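Colleague: Coordinates for the following, if possible.
(one chain, ligands or ions: 1)
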Amino acid sequence: MAVAEATTQVKDAGQGTVVSARNVDLTFETSDGAVQALRDVSLEIGKGEFVSFIGPSGCGKTTFLRVVAALETPTGGDISVNGMTPEEARKARAYGYVFQAAGLYPWRTIGKNVKLPLEIMGYDRAEQDRRMREVLQLVDLEGFDKKYPWQLSGGMQQRASIARALAFDADLLLMDEPFGALDEIVRDHLNEQLLSLWARTKKTCLFVTHSIPEAVYLSTKIVVMSPRPGRITDIIDSPLPAERPLDIRDSAAFIEVAHRVREGLRAGHGDA
Ligand SMILES: Nc1ncnc2c1ncn2[C@@H]1O[C@H](COP(=O)(O)OP(=O)(O)OP(=O)(O)O)[C@@H](O)[C@H]1O
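Modeller: Numbers count the residues shown, from 1 in each chain. Got it, this is the predicted structure:
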């Protein structure tokens with residue numbers, strides 16, 4: 001991997017800006033040559049926004065989330081998270097991370113899975129219990145704390161994984177295709193629940209998906225990306241209202257946004 005240049009702190013990110021990326025580049029040096037995973041990525045994400053990243057495989061969606069989470073360091077440009085460098089934000093536990101696979105430990109109950117990061121952090125038992133109950137209630141898994149992961153459906157496991165990410169009460173939630181492996185009916189249901197959770201908790205969400213309807217249904221902002229090099233081809237501020245029943249997907253406004261996403265994806269494909 002290339003020796004990363006220091007990620008300079010963006011001090012003048014506006015009030016209420018959670019993520020500010022300016023001209024971010026990230027090139028991986030591989031045995032097959034350099035891979036430009038991100039080129040010239042500039043993006044402002046405000047507090048409380050729900051931002052989806054959509055694009056074909058290899059366009060840098062996961063890499064961008066990993067940069068925000070300080071798991072990768074850009075080779076160029078500036079990025080700040082809550083006005084700090086990503087490293088500082090990580091130390092301040094500014095975010096929770098949810099992966100595609102729920103990643104629950106099979107030998108621990110759901111309650112103990114949710115409490116694990118709190119245990120590691122040294123929260124006392126009463127506080128661990130209080131937070132665990134609170135977040136399980138938030139994801140509609142109240143009363144499932146004594147069950148083991150295998151006793152829950154895939155969708156419930158993914159909700160437990162979201163609960164674990166919420167346990168720190170971080171303002172920022174990073175979600176990398178959390179529902180990618182689930183069937184469409186379960187996914188629809190989880191999308192509805194996630195929107196309601198987002199409305200109740202006012203978290204800022206960064207959400208990676210391959211699904212156009214999912215991106216349009218969930219987001220206040222949709223970032224369309226394309227590969228080789230990984231870059232942004234369009235940023236769409238959604239005109240849809242905050243209140244979104246599932247049948248909003250049949251509305252003219254929804255279809256229009258979906259069309260623009262598709263156009264962005266097509267444009268990225270054409271000049272790749
Ligand atoms: N650690 C790494 N070393 C070398 N190349 C990498 C590394 N991580 C990612 N890449 C490359 O960077 C590019 C972007 O990858 P990334 O995983 O961010 O894409 P993605 O849009 O999330 O794809 P997917 O939808 O398949 O998850 C790809 O070409 C990938 O092979």
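Colleague: and the helix or strand Ala126 falls within, how far from the chain's centre?
Modeller: For Ala126, the enclosing helix or strand under DSSP states H and E is helix 125-138. Mean-position distance between helix 125-138 and its chain equals 22 Å (CA atoms, centre = their mean, to the nearest Å).
Colleague: Can you give the contact residues for that helix?
Modeller: 110-111, 114-115, 118-119, 123, 142-145, 160, 163-164, 166-167, 169, 197, 200-201 (CB atoms under 8 Å, 6 or more residues apart in numbering). Every residue, glycine included, has its C-beta placed from N, CA and C.
Colleague: hmm, 6 Å instead?
Modeller: Around helix 125-138, the neighbours that count as contacts under CB atoms under 6 Å, 6 or more residues apart in numbering are Gly111, Val114, Lys115, Leu118, Glu142, Asp145, Ala163, Leu166, Ala167.
Colleague: Any of these buried? List them.
Modeller: Neighbour-count burial (16 or more other CB atoms under 10 Å) is assigned, among those, to Gly111, Val114, Lys115, Leu118, Asp145, Ala163, Leu166, Ala167.
Colleague: Now render those residues as JSON lines, adding distance to Glu44 and secondary structure.
Modeller: As requested, the buried ones among the contacts of helix 125-138 are exported to JSON lines (distance: CB to CB, whole Å; DSSP: H, G, I helix; E, B strand; the rest coil):
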{"residue": "Gly111", "distance to Glu44": "38", "secondary structure": "helix"}
{"residue": "Val114", "distance to Glu44": "32", "secondary structure": "helix"}
{"residue": "Lys115", "distance to Glu44": "35", "secondary structure": "helix"}
{"residue": "Leu118", "distance to Glu44": "32", "secondary structure": "helix"}
{"residue": "Asp145", "distance to Glu44": "39", "secondary structure": "coil"}
{"residue": "Ala163", "distance to Glu44": "29", "secondary structure": "helix"}
{"residue": "Leu166", "distance to Glu44": "24", "secondary structure": "helix"}
{"residue": "Ala167", "distance to Glu44": "28", "secondary structure": "coil"}
